[in-house]
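Undergrad: Predicted model and sequence below, questions to follow.
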Amino acid sequence: MSAYPAEPRHRTADTVAGFLAALAMAGGAIAVVERPVVIGIFSIFVAFVAAALAETNQRLAAASVAIASTGWLVGMIVCVITSRPLW
């Protein structure tokens, strides 16, 4: 028997979820200035996948869903006001 407690194993899915969450946040920021329908919807989808995979990074995944959704909404508003193409 060991005197030290066993360290919790870091799952590969958590690492992938972190990268997907970061990608979704970047996509949400890009969707504000460029093609919100294509980039924004894809970013929201990636954020939901990251939220489904995350076990230890749940707050990061939730933040990515919020940022991607907000980026899509603000991008749609900007495109409608400035008469730019949505896709």
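TA: Received it, and whenever you're ready, just let me know what you need. Numbers count the residues shown, from 1 in each chain.

Undergrad: for the helix ranked longest in the chain, which positions count as buried?
TA: Criterion DSSP state H: the longest helix present in the chain is helix 58-82. Under the neighbour-count criterion of 16 or more other C-beta atoms under 10 Å, helix 58-82 has 60-61, 63-65, 67-69, 71-72, 74-76, 79 buried. Where C-beta positions appear, they are placed from N, C-alpha and C, glycine not excepted.

Undergrad: Output the contacting helices and strands for that helix.
TA: Helix 58-82 makes packing contacts with helix 12-33, helix 41-53 when contacts are defined by 3 or more C-beta pairs under 8 Å, 6 or more residues apart in numbering; DSSP states H and E.

Undergrad: In the last one, which residues are buried?
TA: Pointing back at helix 41-53 there. Neighbour count says helix 41-53 has 42-44, 46-51, 53 buried, by 16+ other C-beta under 10 Å.

Undergrad: and the closest residue to V38 other than its chain neighbours, how many neighbours?
TA: Among residues not flanking V38 along the chain, W87 sits closest, at 5.1 Å (C-beta to C-beta, 6 or more residues apart in numbering). Using other C-beta atoms under 10 Å, W87 has 10 neighbouring residues.
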